[in-house]
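> I need the structure of the sequence given here:
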Amino acid sequence: MTKHFTYILIFTIFFGCSKNDTEWSSEKNATIYFGSEPKNEKFTLTFNKTDKSLNYKYVNQIDTTKTITIRKIRNSDSLFFGSGKFIKNDKIPFSNDELQGLEFEYYETVDYSEDATGPILFNPKYGLLAINNVYGPTIILLDEKNDSLTEKIIKKLNE
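Below you'll find the predicted structure:
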């Protein structure tokens, strides 16, 4: 009987502790720069992983028409934001201790123009950190509102 119980216990611990990270969701605080005053809004992030891509969907909790979709192609240097393709560039990744020491790569659009979106700061474990947009909104997505960190990110986006 105790041997049977031991097997059940080991089986339960093994499968109970296994990490299933193919789907998860979290909340992100967005600071949106568009116009004279920045706005703070909350987004729900939904993540799912497929054989070929990592998919991130950010939906505004008040206005669900405000949606950001990022698809990172696994084992490649490219990601898709909306209908645009972005490629990782050679710039030194952005990191900060307040972001668990994660490194965020810079992605630039493949269809460069003066008014193009970019750069995008992205890390596969975290998702989207920032989108710079010359003529549209610049968005910073953090776990918690942090004005000093947001300013550092904005500065790096504009270097």
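> Where in this structure is the helix or strand with the lowest mean pLDDT?
helix 2-17 (a mean of 41; mean pLDDT, DSSP states H and E).
> Stretch 119-137: which residues count as buried?
Judged by neighbour count using 16 or more other Cβ atoms under 10 Å, the buried positions of stretch 119-137 are 119-123, 126-133, 137. From N, CA and C alone the C-beta is placed, and that goes for glycine too.
> Any chance you could give me that stretch in CSV, C-alpha atoms only?
Presented in CSV, the C-alpha positions along stretch 119-137 are these (Å, rounded to 0.1, in the frame of the first residue of the first chain):
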residue,chain,number,x,y,z
PRO,A,119,11.9,50.8,-33.0
ILE,A,120,10.1,48.1,-31.1
LEU,A,121,11.6,46.8,-27.8
PHE,A,122,10.8,43.1,-27.3
ASN,A,123,11.8,40.1,-25.2
PRO,A,124,10.2,36.7,-25.7
LYS,A,125,9.8,36.1,-22.0
TYR,A,126,8.3,39.5,-21.3
GLY,A,127,6.7,40.4,-24.6
LEU,A,128,6.4,43.9,-25.8
LEU,A,129,8.1,46.6,-23.8
ALA,A,130,7.7,49.6,-26.2
ILE,A,131,6.7,50.8,-29.6
ASN,A,132,8.0,54.1,-30.9
ASN,A,133,5.9,55.8,-33.4
VAL,A,134,6.9,59.1,-35.0
TYR,A,135,3.5,60.3,-36.0
GLY,A,136,1.3,58.1,-33.9
PRO,A,137,1.2,56.9,-30.2
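> Three-state assignment for residue 153, please.
Secondary structure assignment for residue 153 (DSSP: H, G, I helix; E, B strand; the rest coil): helix.
> for the nearest residue to residue 84 once chain neighbours are set aside, what are its contacts?
Leaving aside its chain neighbours, residue 84 sits nearest to residue 109 (5.5 Å; criterion: Cβ to Cβ, 6 or more residues apart in numbering). Under the criterion of Cβ atoms under 8 Å, 6 or more residues apart in numbering, the contact list for residue 109 reads 84, 85, 86, 116, 117, 118.
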